[in-house]
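Asker: Pasting a predicted model and its sequence here:
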Amino acid sequence: MTGRCRRPSGRVAAGGYAERVISRARNLVNAARSRAKRALGGSPVEAPLSWAIKVPAPDSPEGDVWGDVFYAEDLARALRRLGQTVYVDRWETRTRPDPSVQDDVAVHLRGFHRPELVDGAVNILWIISHPDWVSEEELDLPFDLRLAASVPWAAVMSRPDREIRPLLQATNVERFTPEVQPSDLESGVLFVGRSRNIFRPIVRDSIAAGADLEVYGDLWEQFIDERHIKAEYLDNAAAPGAYRGARIVLNDHWDDMAQHGFVSNRLFDAVAAGALVVSDAITGGFPVEFGGSVRTYASVDELRELLAEGASGWPTPEERAATSRKVAEFHSFDARAMTLLVSAREALAARA
């Protein structure tokens, strides 16, 4: 019987329940870090595995600009640096056309489509966004490993017979660095993203606050004055320079991601690039490695103060550089690839 996921009501509450959730979440995070540290400590050279990273994007020019595709390609490159053989499969090409190529590991990045398990492979479900799309029935499928890009959601949704480990999103630290480049795009308050045909609250509130806002994205003409629209699209290659060149970067989350503590990928990229970010709040807060580089607001007046030139309370350039280094250490795709490789080899060893 298909059912929707059980969820915490609203934000994680105070008191005994919250303490149990936080304690469980910390134990899950510490266990994941311990496994990765053991692997980093050195092990005999093992034969490379064949990986398939399954993404929901269509195999078309439209799919070429999906965030899931960029994410999968960054993860694939990190796994290849560990000596692995990696394919990125989009939805229409999810079945390997050459039967001689057998997948040892399939990483399913959950998106618009429910994953299809790969026979014989170690199947890893990684929920990086939209937890409301994932049913209890899907979580109960025989995945070898279930991961979620939210510490509180992983803790709440885990059961004794169905562990969900937290594994947050990541950034490409080769691209998103704080090192200023001549090609960086200077701006005041920057927002990158489509309108989705809604007046996204952080953009609406920034306009109300009188911010010197610059927007890259389409479908905004119906909501904001054209003087704020710089272009309908920002190439992914230009994103690091845009974040570095902005005085403040704006970030927001889909409602279900905010409610269940799924940290936006943009936050990892922007902070790694040394940016200062104003975001909406999410359940559980943000990774401690972000330091003071990410701040939230609760009213237009508070947002106006945060966005003002010379606003107090923001970290110094030196502190931002240190924060960028911490993000590079703990939240790179290389760190995530190592965690996935260790977990896959553990699953294969358990089958032997």
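Answerer: Now that the structure is in, tell me what you want to look at.

Asker: What is the neighbour count of the closest residue to residue 94 other than its chain neighbours?
Answerer: Leaving aside its sequence neighbours, residue 94 sits nearest to residue 54 (C-beta to C-beta, 6 or more residues apart in numbering; 5.7 Å). For the C-beta atoms, the positions are set from N, CA and C on the backbone; glycine is no exception. Counted by other C-beta atoms under 10 Å, the residues lying close to residue 54 total 29.

Asker: give the contact list for residue 54.
Answerer: 89, 94, 106, 107, 108, 109, 115, 116 (C-beta atoms under 8 Å, 6 or more residues apart in numbering).

Asker: give me every residue that touches the closest residue to residue 290 other than its chain neighbours.
Answerer: The shortest distance from residue 290 to any non-neighbouring residue, by C-beta to C-beta, 6+ apart, is to residue 271 (5.3 Å). Counting by C-beta under 8 Å, 6+ apart, residue 271 makes contact with 277, 290, 293, 294, 323, 324, 327.

Asker: So residue 271: helix, strand or coil?
Answerer: Under DSSP: H, G, I helix; E, B strand; the rest coil, residue 271 falls in the helix class.

Asker: Please shift the residue numbers so they start at 367 in all later answers.
Answerer: Shifting the count to begin at 367 puts that one at residue 637.

Asker: Adding neighbour count, pLDDT and secondary structure, write the contacts of residue 637 out as CSV.
Answerer: CSV is the format used below for those (neighbours: other C-beta atoms under 10 Å; pLDDT from 0 to 100; DSSP: H, G, I helix; E, B strand; the rest coil):
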residue, neighbour count, pLDDT, secondary structure
643, 24, 98, strand
656, 22, 98, helix
659, 25, 98, coil
660, 22, 98, strand
689, 21, 97, helix
690, 24, 97, helix
693, 27, 97, helix
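
Asker: of those residues, closest to residue 439?
Answerer: residue 693 (19.6 Å; C-beta to C-beta).

Asker: That closest one reaches residue 639, doesn't it?
Answerer: No. The pair residue 693 and residue 639 fails to qualify as a contact (C-beta atoms under 8 Å) at a distance of 9.3 Å.

Asker: returning to that earlier point: lowest-confidence member of the contacts of residue 420, which is it?
Answerer: Scanning the contacts of residue 420 for pLDDT, the low point is residue 460. It has 70.

Asker: For it, give its distance to residue 416.
Answerer: 15 Å (C-beta to C-beta, to the nearest Å).

Asker: Please apply the same query to residue 701.
Answerer: 22 Å.

Asker: Which of the three states applies to the residue nearest to residue 663 when sequence neighbours are not counted?
Answerer: Nearest residue to residue 663, sequence neighbours excluded (C-beta to C-beta, 6+ apart): residue 669, at 4.2 Å. Under the three-state scheme (three-state DSSP), residue 669 adopts helix.

Asker: My guess is residue 669 contacts residue 677. True?
Answerer: No. Residue 669 lies out of contact with residue 677 (C-beta under 8 Å); the separation is 10.6 Å.

Asker: Could you check which of the two has the larger neighbour count?
Answerer: Using other C-beta under 10 Å as the criterion, residue 669 and residue 677 rank with residue 669 on top: 22 against 15.

Asker: tell me the contacts of that one?
Answerer: Residue 669 touches 571, 572, 575, 577, 644, 663, counting by C-beta under 8 Å, 6+ apart.

Asker: related to what we said a few turns ago, which pLDDT value belongs to the residue nearest to residue 663?
Answerer: pLDDT at residue 669 comes out at 98.

Asker: With residue 715 instead?
Answerer: Reading off the confidence values, residue 715 has pLDDT 94.

Asker: and if you look at residue 683?
Answerer: So residue 683 comes in at 94 (pLDDT).

Asker: any idea how far it lies from residue 689?
Answerer: Going from residue 683 to residue 689 by C-beta to C-beta gives 11 Å.
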